[in-house]
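> Pasted the sequence and its predicted model underneath.
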Amino acid sequence: MLMRQGRFVLVLTSVLAALPVKSVTARDDGRYANSPLKPWFDSLKSSKGLCCSVADGYAVADPDWESKDGHYRVRIDGEWITVPDDAVITEPNRAGRTMVWPIKGSLGTTIRCFLPGTMS
C-alpha cells in the first residue's frame, strides 16, 4: 500500500512538473510615463490586490460589458465572464472608460480587476 502511494505521488509530481507554466509580465513599456493618470492607475487595486498599471489592463467597449443580475459581466475573446465582486474597483473612475485586467490560465480566464465606466 505504501509503495503504491509513493508511485502515485511520483507520477503526480511528474505530471505537474510537465504542465506549462505561464508567467505574467507587466507590459509597461514607458509609453504612459508622462500621463497625469499614471500614478492613479499604478495605485488601483481591488480586493484581489494591485491591478498593475494602465498598460496591463485594457479598455472595454460598451457592448462588451454589462450589469446583469446584480453583477458585472465582461466579454473577453467572445466569451462572457462574470466579474467576481471582489475584483470590482469601487473608487471613482478618473479615466472614464471601462477597463479590465484579465488573467488567462490553463483553467480559463479570471478577472483580477474591473473598473466600470459609464454606459453611453
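Arrived safely, thanks for sending.

> ok, and the helix or strand in the chain with the lowest average confidence?
For the chain, counting by mean pLDDT, DSSP states H and E, helix 2-18 ranks last in confidence among helices and strands (a mean of 42).

> and after that helix, which helix or strand comes next?
Sequence order places helix 38-43 as the next helix or strand after helix 2-18, per DSSP states H and E.

> what about dumping the CA coordinates of that next one to CSV?
Provided in CSV are the C-alpha atoms of helix 38-43 (Å, rounded to 0.1, in the frame of the first residue of the first chain):
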residue,chain,number,x,y,z
LYS,A,38,-0.2,57.1,-14.3
PRO,A,39,0.2,57.4,-10.5
TRP,A,40,-3.6,56.8,-10.1
PHE,A,41,-3.5,53.7,-12.4
ASP,A,42,-0.4,52.4,-10.6
SER,A,43,-2.3,52.6,-7.3
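
> Give me the buried stretch members for that helix, please.
Burial within helix 38-43, assessed by neighbour count using 16 or more other CB atoms under 10 Å, is assigned to Phe41, Asp42. All C-beta atoms are positioned from the backbone trio N, CA, C, and that covers glycine.

> who's in contact with the next helix or strand after that helix?
Scanning forward in sequence from helix 38-43 by DSSP H and E, the next helix or strand is strand 45-46. Here strand 45-46 makes contact (CB atoms under 8 Å, 6 or more residues apart in numbering) with Cys51, Asp86, Ala87, Val88, Ile89, Arg112, Cys113, Phe114.
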